[in-house]
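A.B. asks: based on what follows, work out the 3D shape:
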Amino acid sequence: MAEDALKAFTEHDFDADEAWCAYLKRVEIPTNSAADLLKVKAKWWRRERDPDFDVAAAIGAAAPAAPPLPTSTPPQQQQQQQQPAQARPAQAQARPAAWGGAAGLSSVRELLVPAANLGVIVLSFLHIVPIVSFDTSLRAYKGALLCCTLSSILQLFKENPAPMADVRAWMARTQLSLSFNMAITPLVLFSTASLTALLLPYCVAAAYRLLAYGSAHHAAHPLWRSHGERAYNYLLAHRQRALGFNAQMDISLGFYLLYRLFTPSRSFIAAFYVWQQLRTRYWLTESGPYHRAAWAGLDAATKWVRDTAPPLERPIALARRWFAINPMAAAAATARR
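C.D. replies: Sure, this is the predicted structure:
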């Protein structure tokens, strides 16, 4: 029975499994090594396909045996291999990964991912919940915006590793992603008056990324097993609702900025930018389905208002025609060049 389960796991075509590919985009792989990927893959298999699957057996079966030293090794090389590390020349000692190297960037990113996402949640909490002074709350808001940008940039590089060459093509391609869009928005709105609704979608995304990091790095810890794993599984089970909530918050922010145009804290630039981003997210692959569903729900909920006030139909029709123009088409054509 265990052999059949292990055979089904090893022979499964994960590259063609849409559920696995979607999960892989969200999960954090500790060091991007084959062993860590296998561990995450085995845990996913047990959670989604086979609750009785033996993760340890799958990892042990895939662990390669250490190859013996070749008998034809020259005597001088054998003597070098037998020398202690302290006696070897300095050139042969292991060097720390350079900042620009893949290993160096991976190590830095491993430290920044939990820090940035935890910063989003903690600073947003200090801003939203009235437990600190107004000045402290405002500073927490600004810090949360910076953490939102950093978290989105880390996610952007996870989804689209930056090439050493052809950076222009990489930039043109990443402009079509939701992570790029979410990285730019806090910077554009940094100088405007505080917008609490802006932080909520970032808090939801940060919670998912933080728990995915915990699942990948601390799955064996007792505290994770007792609380973290349950919370992570709950979020995964309600991911569609969370993305729908984010879309509703994006739309609420747009209407709130329209309302603020009639107040002293008005900002025409912020309102224009947010509505431009609403149209962009309406067409993005990652956020488009949830935004279209949110707009459809709003349309159904406000039908009685439009029936009562027919003059509203004309500006609404103009807005619909504006949303029907895909702003990503020009960017996609640029990326293909």
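
A.B. asks: going forward, measure contacts and count neighbours with C-alpha atoms only.
C.D. replies: Will do.

A.B. asks: where does the nearest residue to residue 225 once chain neighbours are set aside land in three-state SS?
C.D. replies: Among residues not flanking residue 225 along the chain, residue 219 sits closest, at 6.8 Å (C-alpha to C-alpha, 6 or more residues apart in numbering). Following DSSP: H, G, I helix; E, B strand; the rest coil, we place residue 219 in the coil state.

A.B. asks: domain boundaries for the chain, per the record?
C.D. replies: When the chain is parsed with automatic domain parsing, its domains come out as 2-58, 102-336.

A.B. asks: tell me which of these sits most buried.
C.D. replies: Of the domains of the chain, the one with the most neighbours on average (mean count of other C-alpha atoms under 10 Å) is domain 102-336, at a mean of 16.

A.B. asks: same list (the domains of the chain) but as TSV, adding mean pLDDT.
C.D. replies: Formatted as TSV, the domains of the chain follow (pLDDT from 0 to 100):
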stretch	mean pLDDT
domain 2-58	75
domain 102-336	87
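
A.B. asks: can you give the contact residues for stretch 189-206?
C.D. replies: 117-118, 120-121, 124, 128, 138, 141-142, 144-145, 148, 151, 242, 245-246, 249-250, 252-253, 265, 267, 270 (C-alpha atoms under 8 Å, 6 or more residues apart in numbering).

A.B. asks: same thing but 7 Å
C.D. replies: Stretch 189-206 has contacts (C-alpha atoms under 7 Å, 6 or more residues apart in numbering) with 117, 120-121, 124, 128, 141-142, 145, 148, 246, 249, 253, 270.

A.B. asks: go on, stretch 294-305?
C.D. replies: In contact with stretch 294-305 (C-alpha under 7 Å, 6+ apart) are residues 244, 247-248.

A.B. asks: and if we set it to 10 Å?
C.D. replies: The contact list for stretch 294-305, computed with C-alpha atoms under 10 Å, 6 or more residues apart in numbering, reads 244-251, 282, 288, 290-293, 306, 309, 312.

A.B. asks: likewise stretch 242-251?
C.D. replies: By C-alpha under 10 Å, 6+ apart, the residues outside stretch 242-251 that reach it are 196-205, 208, 235-236, 239-241, 252-256, 274-275, 277-278, 281-282, 286-295, 297-298.

A.B. asks: do the same with stretch 36-52
C.D. replies: Contacts of stretch 36-52 with the rest of the structure, by C-alpha under 10 Å, 6+ apart, involve 2, 5-6, 8-10, 14, 19-20, 23-24, 27-31, 34-35, 53-59, 62, 215-217, 219, 233.

A.B. asks: okay, and the nearest residue to residue 149 once chain neighbours are set aside sits in which element?
C.D. replies: Nearest residue to residue 149 in three dimensions, chain neighbours excluded: residue 183, at 4.4 Å (C-alpha to C-alpha, 6+ apart). Assigned by DSSP states H and E, residue 183 belongs to helix 178-188.

A.B. asks: that older thread, tabulate the contacts of stretch 189-206 (JSON lines), appending secondary structure and distance to residue 170.
C.D. replies: Output for the contacts of stretch 189-206, formatted as JSON lines (DSSP: H, G, I helix; E, B strand; the rest coil; distance: C-alpha to C-alpha, whole Å):
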{"residue": "117", "secondary structure": "helix", "distance to residue 170": "25"}
{"residue": "120", "secondary structure": "helix", "distance to residue 170": "27"}
{"residue": "121", "secondary structure": "helix", "distance to residue 170": "30"}
{"residue": "124", "secondary structure": "helix", "distance to residue 170": "31"}
{"residue": "128", "secondary structure": "helix", "distance to residue 170": "36"}
{"residue": "141", "secondary structure": "helix", "distance to residue 170": "31"}
{"residue": "142", "secondary structure": "helix", "distance to residue 170": "29"}
{"residue": "145", "secondary structure": "helix", "distance to residue 170": "25"}
{"residue": "148", "secondary structure": "helix", "distance to residue 170": "22"}
{"residue": "246", "secondary structure": "helix", "distance to residue 170": "27"}
{"residue": "249", "secondary structure": "helix", "distance to residue 170": "29"}
{"residue": "253", "secondary structure": "helix", "distance to residue 170": "30"}
{"residue": "270", "secondary structure": "helix", "distance to residue 170": "27"}
